[in-house]
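S.K.: A predicted structure for the sequence below; I have some questions about it.
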Amino acid sequence: MTIQDVARRAGVSTATVSRALALPDQVTDATRQSVMSAIRETGYTPNAAARSLRAKSTKMVLVLLPGIGNSFFTPVLNALEEVFSEGGYGVLIGYTRQNRSRETHYARVIRAGQVDGVLVVTGNVPRDEEFVAVPATVPMSLMFSELPGTAQFSVFDVANRTASATMVRYLIEQGHRRIACIPGAEGSLESDERLAGYQEALSAAGLPIDPDLIWRGASNFDFISGERAAARYFALAEKPTAVFAAADEIALGFMRALKNHGIRIPEDVSVVGFDDTEYAVHYDPALTTMRQPRTEMGRLAARDLLRRMEAKGEAVPTSHVRLPCELVIRESVRPLV
């Protein structure tokens with residue numbers, strides 16, 4: 001069935017059918033009811049692709065993630081989907097896997113006009129040259145990381161450095177003086193900021209920064225990074241009394257590896273994380289960590305991108321929203337004072 005069939009059945013023009021569907025407030029109640037009755041009788045379904053072409057809009061948003069396995073992103077995606085759905089947009093999920101060729105692929109999808117907006121939800125912002133031209137094509141915002149040296153993106157993140165320094169100060173207040181750090185892989189702005197916060201807190205307390213206690217990994221915020229860091233722990237003659245992991249998954253991977261070798265937490269070593277994922281509270285012992293406001297950040301970022309998409313090309317000022325984190329004290333730290 002076509003829109004012409006509906007128009008004939010309702011006794012109106014095809015333009016009136018279109019208005020009744022897209023702008024119902026601009027037709028009378030009687031006309032709208034007549035059109036909807038004709039649609040039910042004919043079984044007509046509007047062609048979304050054709051409407052998108054006419055409106056030069058896809059009503060779709062691309063959300064780019066580094067991967068699917070990390071539970072950190074679950075509440076973020078729930079918040080994004082909720083806000084975009086309320087705004088009449090669907091959500092496409094793309095996984096970059098921090099792979100250059102996949103980043104290039106998604107950059108071309110964006111520039112081809114297949115989505116109305118892009119939200120990059122990752123601490124590793126794609127740096128492919130194709131992404132440089134994206135803001136000229138569609139609105140684009142970043143979550144959890146910014147792109148240094150540019151101002152064309154809105155950014156929504158947390159005070160990583162400040163929060164990390166707060167976490168390490170908490171360990172120092174509990175009497176710990178030899179504190180290790182597992183910051184994740186190099187090249188991630190989040191990792192670098194959390195490492196800087198760790199170093200800042202040690203320096204402020206007059207404690208040395210020991211390179212042997214900074215355990216960088218090949219991967220980033222995942223269980224494997226924690227498991228590999230455990231080998232560095234066992235190799236030390238003088239063990240740290242506490243370990244700051246820059247993500248909960250790193251912390252839990254590290255704790256698991258230590259417990260498999262009979263190391264008790266927090267009796268033998270205290271461990272803290274960052275994020276407050278769902279795993280943190282259910283692990284034994286429950287993990288002391290920094291809570292990121294992931295749901296709130298997702299909603300703020302989605303609403304901002306909605307405003308930019310609905311502006312239809314008009315200039316909308318970018319913003320940098322930095323939210324505070326909250327220290328959540330549980331069972332994985334043993335006081336030494």
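M.R.: Received the coordinates, thanks.
S.K.: does residue 75 count as helix, strand or coil?
M.R.: Classification of residue 75 by DSSP: H, G, I helix; E, B strand; the rest coil places it in helix.
S.K.: Next, find the distance separating the closest residue to residue 88 other than its chain neighbours from residue 90.
M.R.: In this structure, residue 88 finds its nearest non-sequential neighbour in residue 59, 6.1 Å apart by Cβ to Cβ, 6 or more residues apart in numbering. Every residue, glycine included, has its C-beta placed from N, CA and C. Between residue 59 and residue 90 the distance is 6 Å, computed by Cβ to Cβ, to the nearest Å.
S.K.: the domain parsing of the protein - what is it?
M.R.: The record's domain split for the chain, according to automatic domain parsing, is 3-46, 58-158+294-324, 160-291.
S.K.: In TSV: those domains, plus distance to residue 334.
M.R.: Written out in TSV, the entries for these read as follows (distance: least, Cβ to Cβ, whole Å):
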stretch	distance to residue 334
domain 3-46	63
domain 58-158+294-324	26
domain 160-291	4
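S.K.: Those domains: lowest mean pLDDT?
M.R.: The stretch with the lowest average pLDDT out of those is domain 58-158+294-324, scoring a mean of 81.
S.K.: All the helices of the stretch 151-300 of the chain, residue numbers only.
M.R.: In chain order, the stretch 151-300 of the chain shows helices spanning 160-173, 189-204, 223-235, 248-259, 278-282, 294-310, with DSSP state H, counting those that start in this stretch as the criterion.
S.K.: Quick check: residue 241 vs residue 195, distance?
M.R.: Counting by Cβ to Cβ, the gap from residue 241 to residue 195 is 19 Å.
S.K.: Of those two, give the one with the bigger neighbour count.
M.R.: Relative neighbour count places residue 195 above the other of residue 241 and residue 195, with 23 against 18, counting by other Cβ atoms under 10 Å.
S.K.: That one against residue 274, yeah?
M.R.: No - applying Cβ atoms under 8 Å as the test, residue 195 and residue 274 come out as separate, 11.4 Å apart.
S.K.: intersection of neighbour lists for the two?
M.R.: In terms of Cβ atoms under 8 Å, 6 or more residues apart in numbering, residue 195 and residue 274 are both contacted by the residues 164, 246.
S.K.: before we move on, back to that, quick one: closest of the domains of the chain to residue 336.
M.R.: Within these, the stretch nearest residue 336 is domain 160-291; the backing value is 3.1 Å (Cβ to Cβ).
S.K.: That closest one: end-to-end distance?
M.R.: As for domain 160-291, its first-to-last residue distance stands at 11 Å under the measure Cα to Cα, to the nearest Å.
S.K.: Please tell me how far that domain is from the chain's geometric centre.
M.R.: When distances are taken as Cα atoms, centre = their mean, to the nearest Å, domain 160-291 is centred 21 Å away from the chain's centroid.
S.K.: Check stretch 34-42 too.
M.R.: A distance of 43 Å separates the centroid of the chain from that of stretch 34-42, by Cα atoms, centre = their mean.
S.K.: Buried residues in it, which are they?
M.R.: Neighbour counts using 16 or more other Cβ atoms under 10 Å place 34-36, 38-39, 42 of stretch 34-42 among the buried residues.
S.K.: now, which of those residues sits nearest residue 220?
M.R.: Proximity of the buried residues of stretch 34-42 to residue 220 (Cβ to Cβ) peaks at residue 39, which lies at 50.6 Å.
S.K.: Tell me if the closest one really is in a strand.
M.R.: No - residue assignment for residue 39, taken from three-state DSSP, gives helix, which places it outside any strand.
S.K.: Roughly how far does the spatially closest residue to it that is not a sequence neighbour sit from residue 27?
M.R.: The shortest distance from residue 39 to any residue that is not its chain neighbour, by Cβ to Cβ, 6+ apart, is 5.7 Å, and that residue is residue 6. Here the criterion is Cβ to Cβ. By it, residue 6 lies 13 Å from residue 27.
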